[in-house]
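In: Below are the sequence and a predicted model for it; my questions follow.
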Amino acid sequence: MNDSNKTSTAPELVVAPRIVAIGASAGGLHALSLFFKAASEIPSDIAFVIVVHLAPGSESHLPGLLAKDTHLPVSAIEDGAMLRAGHVYVIPPKVSVVINQGTFRLRAAVDRPAIPMPIDAFFTSLAADRHDRAIGIVLTGANADGSAGLRAIKAEGGMAMAQTPETAEHSTMPSHAIATGLVDYVLPVEDMPAALFDYIRRSTGGMPQAAIDPPQPVDLEPVLRALAAAGSDFRGYKRGTLQRRIARRMAVNRVDSLHAYCDVLKASVQEAQALSLDMMIGVTEFFRDPDAWTALSERVLTALLEEPESEQPIRVWVPGCATGEEAYSMAMLLTEEIEKRQAARSFMILASDVNRVALAHARQGVYSASVASPVGEARLDRFFQTHNDGFQIRQELRETVLFTPQNLIADPPFSRVDLISCRNLLIYLEPEAQQRVFELFHFALNPKRYLFLGRSESTDPDSTQFQEVSRAWRIYQRSPIVAAAPTGYRFSARTARREEFPPASRVGVRSKGYAELVNATLLEEHHAASVLINSAHQVLYVSGSTDEYLMQPAGEPTGNILDMAREGLRLKLRIVLRRAI
């Protein structure tokens, strides 16, 4: 820190209302310098934390160099230091840093060959500490660090920025961040401060005051109707969550009234999609709460697998699956437990979510290098393969999980299920909607089968419908009483078609993949070419040569069969698909 900075009169708030975290590679000094040179009139109630990739044996001169570009005090982070507003903090070498209750904690950096992800580590802790007052910015860098952390920030209602890849020295890191679909602003570095400070001025952590004039309960129905018209139904979500997410998008769009924002929603499908994504972002990771998975194995999977062997596969439903980590964790654990017992059992996992962008990510099964820690070395070697800078779920495990779109509170449930894993989803719903979901789960489960909830859920299911198996880990067993078929959906159970569990007759000792499912379905029909799709028209599996019928159009790759159909086939194909559905 230079001498002039030591005497700065910048405000010394113990806990800054806003923390702006900036992640970059070690070569990001130029980008950071541009940012602070452009950051005039910095609001007094924010702090900056700079997390860069530093080689383990290197020395960092970044604090002194950045001090030349800003009037704020700049210092290296010290363990146990309290964060103060009006300061710039820089990560030192050889460590990773997190923040907890406004206090920095330093930890030794991971050793190679593991890939250090210091930006993800700090962004994730920042989200938990600051919630909707966290802001994450990803600048130049050569891997995917920061992408998982931005998801955590957005899940808590924070804001995300990324450098325009074309202006970055290394475009990989901002490109990965943008590919998540969660970034609010994609800008050259020199344009970021103006957008950042405008967002902070407009965002109050709740519904902007201009939208509450005169002071009274805010009528969100026009927004909900606009979202429903765009295909997203959020009735039943907690009002506070809805207001915070709407307020955040209003600030991003520089709109000061709810009426004006409704006009934006009606005019822009993209904004309706962006708000829907903000509503649906969930924090998830592989084997979240490891002790809960141990309890599930001991109290549930053991009971299911020690029953007299059956030709019926174990059927698992994972609603609110987001990007697939929960579903794939379940698949790994079931595979291990079946092999441990040398049981002649198979399983099928149906994972559903209303977020189609997240489902597309889940089907690919591609994740950043940060998954190595929660997964562990043994599972990483067995169930993953390297993919660019990260890992991909191996195909044989991906084929045990079927991902499908479904709105839990508006669409019909699945049925004849042995285990439902619904963790940290109900907390976003109003109590009435929560109880309705419990009724759906009771209907979906076979008698004496199991419900696995998250520890953060505050509502218990009706004791006449579910009995506790483990209070600590929120595991319940369905009562044997007969469940009435739920009613009141926008679509009837007869007409609403989605992915369903394949018939048991198509499942052998091991879970079968798409190729076997197609072959079993075609039976003796020897078609030269066939395509398996889901109810969203997304291609799941191709058999034989389809070049005569399908092609990949110019632009971004698509998996939609209607977009891929050659000239003259699309209308006929659409009619056939409608009849089939």
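Out: Structure received. Keep in mind the model is a prediction, meaning the values are calculated, not measured.

In: gap between the strand or helix carrying residue 240 and the chain center?
Out: Using DSSP states H and E, residue 240 falls within helix 239-252. Centroid separation for helix 239-252 versus its chain: 18 Å, with C-alpha atoms, centre = their mean, to the nearest Å.

In: looking only at pLDDT, what's the mean for whichever strand or helix holds residue 153?
Out: Per DSSP H and E: residue 153 is located in helix 147-155. Averaging pLDDT along helix 147-155 yields 89.

In: Likewise for stretch 572-581?
Out: 82.

In: Which residues does the residue nearest to residue 476 when sequence neighbours are not counted form beta bridges with?
Out: The shortest distance from residue 476 to any non-neighbouring residue, by C-beta to C-beta, 6 or more residues apart in numbering, is to residue 466 (4.0 Å). Where you see a C-beta, it was placed from the backbone N, CA and C, and this is true even at glycine. Under DSSP bridges, the beta-bridge partners of residue 466 are residue 478.

In: State the number of residues packed around residue 466.
Out: For residue 466, the neighbour count with other C-beta atoms under 10 Å is 21.

In: if I look at residue 100, how far off is residue 124?
Out: Counting by C-beta to C-beta, to the nearest Å, the separation of residue 100 from residue 124 is 12 Å.

In: Next: residue 389.
Out: For residue 389, the distance to residue 124 - C-beta to C-beta - is 18 Å.

In: Which of these two has more residues huddled nearby?
Out: More neighbours surround residue 124 than the other of residue 389 and residue 124, with 25 against 15 (other C-beta under 10 Å).

In: Doesn't the more buried one lie inside a helix?
Out: Yes. Applying DSSP: H, G, I helix; E, B strand; the rest coil, one finds residue 124 inside a helix.

In: Number of residues surrounding the closest residue to it other than its chain neighbours?
Out: Computed as C-beta to C-beta, 6+ apart, the closest residue to residue 124 that is not its neighbour in sequence is residue 152, at 4.4 Å. Look at residue 152: counted by other C-beta under 10 Å, it has 22 neighbours.

In: Contacts only, for residue 152.
Out: 123, 124, 127, 128, 283 (C-beta atoms under 8 Å, 6 or more residues apart in numbering).

In: Return, as residue ranges, the portions of the stretch 101-250 of the chain with sub-threshold pLDDT.
Out: 110-115, 204-217, 230-231 (pLDDT under 70).

In: which residues in it form strands?
Out: With strands called from DSSP state E, counting those that start in this stretch, the stretch 101-250 of the chain shows them at 103-108, 134-138, 159-163, 185-187.

In: hang on, the earlier thing: would you mind extracting the C-alpha trace of the helix holding residue 240 into PDB?
Out: Below are the C-alpha coordinates for helix 239-252, written out as PDB (Å, rounded to 0.1, in the frame of the first residue of the first chain):
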ATOM      1  CA  ARG A 239     -43.400 -13.600  -2.600                       C
ATOM      2  CA  GLY A 240     -40.100 -12.300  -1.100                       C
ATOM      3  CA  THR A 241     -38.100 -14.300  -3.600                       C
ATOM      4  CA  LEU A 242     -40.200 -13.100  -6.500                       C
ATOM      5  CA  GLN A 243     -39.800  -9.500  -5.500                       C
ATOM      6  CA  ARG A 244     -36.000  -9.700  -5.000                       C
ATOM      7  CA  ARG A 245     -35.500 -11.400  -8.400                       C
ATOM      8  CA  ILE A 246     -37.800  -9.000 -10.200                       C
ATOM      9  CA  ALA A 247     -36.100  -6.000  -8.500                       C
ATOM     10  CA  ARG A 248     -32.700  -7.300  -9.600                       C
ATOM     11  CA  ARG A 249     -33.700  -7.600 -13.300                       C
ATOM     12  CA  MET A 250     -35.300  -4.100 -13.100                       C
ATOM     13  CA  ALA A 251     -32.000  -2.700 -11.900                       C
ATOM     14  CA  VAL A 252     -30.100  -4.600 -14.700                       C
END
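
In: Residue 24 versus the nearest residue to residue 170 once chain neighbours are set aside, what's the distance?
Out: In space, and not counting its chain neighbours, residue 170 is closest to residue 142: 4.4 Å by C-beta to C-beta, 6+ apart. Noted for residue 142: a distance of 10 Å to residue 24, by C-beta to C-beta.

In: When those two are compared, which one has more neighbours?
Out: Neighbours per residue, other C-beta under 10 Å: of residue 142 and residue 24, the larger number sits with residue 24, 30 against 16.

In: Look at the closest residue to that one other than its chain neighbours and say how many residues are nearby.
Out: Nearest residue to residue 24, sequence neighbours excluded (C-beta to C-beta, 6+ apart): residue 139, at 4.0 Å. Applying other C-beta under 10 Å, we find 30 residues neighbouring residue 139.

In: Contact partners for residue 139?
Out: Applying C-beta under 8 Å, 6+ apart, the residues near residue 139 are 22-25, 28, 31-32, 35, 162-163, 168, 173-174, 189.

In: What are the buried residues along the longest strand along the chain?
Out: As assigned by DSSP state E, the longest strand anywhere in the chain is strand 445-453. By neighbour count on 16 or more other C-beta atoms under 10 Å, the buried set for strand 445-453 is 445, 449, 450, 451, 452, 453.

In: what does stretch 428-436 give?
Out: Counting neighbours by 16+ other C-beta under 10 Å, stretch 428-436 gives 428, 429, 430, 433, 434, 436 as buried.

In: Now for those residues: which two are most distant?
Out: Every pair in those was compared (C-beta to C-beta); the two farthest apart turn out to be 428 and 436, at 13.8 Å.

In: and the closest residue to residue 165 other than its chain neighbours, how many neighbours?
Out: Nearest non-adjacent residue to residue 165, counting by C-beta to C-beta, 6+ apart: residue 171, 3.7 Å away. Neighbour count for residue 171, taken as other C-beta under 10 Å: 17.

In: separation between residue 171 and residue 181?
Out: The separation that residue 171 has from residue 181, given C-beta to C-beta, amounts to 17 Å.

In: Same question for residue 76.
Out: In terms of C-beta to C-beta, residue 76 sits 34 Å off from residue 181.

In: next one: residue 474
Out: 30 Å.

In: More neighbours: these two, which one.
Out: Taking neighbours as other C-beta under 10 Å, residue 474 and residue 181 compare with residue 474 leading, 22 against 17.

In: and that one, what does it touch?
Out: So residue 474 contacts 292, 452, 453, 454, 455, 457 (C-beta under 8 Å, 6+ apart).

In: Under the pLDDT cut-off, which ranges of the protein? List them.
Out: For the chain (pLDDT under 70), the answer is 1-17, 55-59, 110-115, 204-217, 230-231, 282-283, 309-310, 482-528, 543-545, 555-556.

In: can you list the domains in it?
Out: Using automatic domain parsing, the domain ranges for the chain come out as 3-192, 209-280, 290-478, 521-580.

In: now the ones you listed in JSON lines, with distance to residue 201?
Out: Shown next, in JSON lines, are the domains of the chain (distance: least, C-beta to C-beta, whole Å):
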{"stretch": "domain 3-192", "distance to residue 201": "7"}
{"stretch": "domain 209-280", "distance to residue 201": "8"}
{"stretch": "domain 290-478", "distance to residue 201": "28"}
{"stretch": "domain 521-580", "distance to residue 201": "35"}
